[in-house]
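> Dropping a prediction and its sequence here:
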Amino acid sequence: MIKPPSLVSDFTLVWSHDPALDLPSDPEERARLLKLARETGNWPLRDGHAPTLFHFRDLSREEIGWWRGECASSTIYGRPLSDVEQTDLLIRLTIRGADNFGKVKTERKNAAKGIQLAPMEFIEALHAAAPTALGEFADVLIERMREHIRPLS
């Protein structure tokens, strides 16, 4: 019997431009290896280099509903969130920790009943260190929401 996929799982991502990654310059091969690494957790690393690891958790149905509601009509701003704000909120909702990222904290605090968020300071630090990482991670997170149970390939 094959163990069924987990409905809620933790996973780790590495920014595609992390200097510890050993990726080819060919865009197609690079994209293929990144996709494979994201699916398997087997990241191609340069010898002796440690990447920054970002630990995430798939969202529950309740969290997805809350995020979509906030995107449509933010309780803080009283308006729909911009694309950048939606990305920031998604990362704050899903991030569980980071290794090799200095003293930046991801400690989550209550934002609503049953909803916890990492601090905005984490988003600012990530944006300062790796400006394209937020969008890259959000793309992966949204894909995982769309295809919650993915077949092995």
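Happy to help now that I have it.

> per-residue confidence at residue 149?
pLDDT recorded at residue 149 is 53.

> what's near enough to touch residue 64?
Neighbouring residues of residue 64 by CB atoms under 8 Å, 6 or more residues apart in numbering: residue 145. (Glycine included, C-beta is placed from N, CA and C.)

> middle-most residue in the chain, spatially?
Nearest to the mean C-alpha position of the chain, by CA atoms, centre = their mean, lies residue 137 at 4.2 Å.

> which SS state does the nearest residue in space to residue 114 that is not next to it in sequence fall under?
Distances taken as CB to CB, 6 or more residues apart in numbering put residue 62 closest to residue 114, at 5.9 Å, once the chain neighbours are dropped. In three-state terms, and counting by DSSP: H, G, I helix; E, B strand; the rest coil, residue 62 is helix.

> likewise residue 12?
Classified using three-state DSSP, residue 12 is strand.

> before we move on, what about residue 139?
Classification of residue 139 using three-state DSSP returns helix.

> Run a quick neighbour tally on it.
A count of nearby residues for residue 139, using other CB atoms under 10 Å, gives 11.

> and the gap between it and residue 36?
From residue 139 over to residue 36 the distance is 16 Å, taken as CB to CB, to the nearest Å.

> now do residue 102
Distance from residue 102 to residue 36, by CB to CB: 29 Å.

> Compare the two (neighbour count), which wins?
The residue with more neighbours, out of residue 102 and residue 36, is residue 36; 14 against 9, by other CB under 10 Å.

> Which helix or which strand is home to the nearest residue in space to the more buried one that is not next to it in sequence?
Spatial nearest neighbour of residue 36, chain neighbours left out: residue 42 (7.2 Å); criterion: CB to CB, 6+ apart. Per DSSP states H and E, residue 42 falls between elements, in no helix or strand.

> Residue 89 now?
helix 83-94.

> now swap in residue 37 and tell me
Judged by DSSP H and E, residue 37 forms part of helix 27-40.

> quick one: low-confidence ranges for this structure?
1-8, 148-153 (pLDDT under 70).

> try 90 this time
Applying pLDDT under 90 to the chain picks out residues 1-11, 38-42, 61, 75-76, 104-105, 112, 114, 144-153.

> measure residue 17 to residue 99 for me?
17 Å.

> again but with residue 132, I slipped
20 Å.

> Same check on residue 12?
9 Å.

> Alright, I will stop here.
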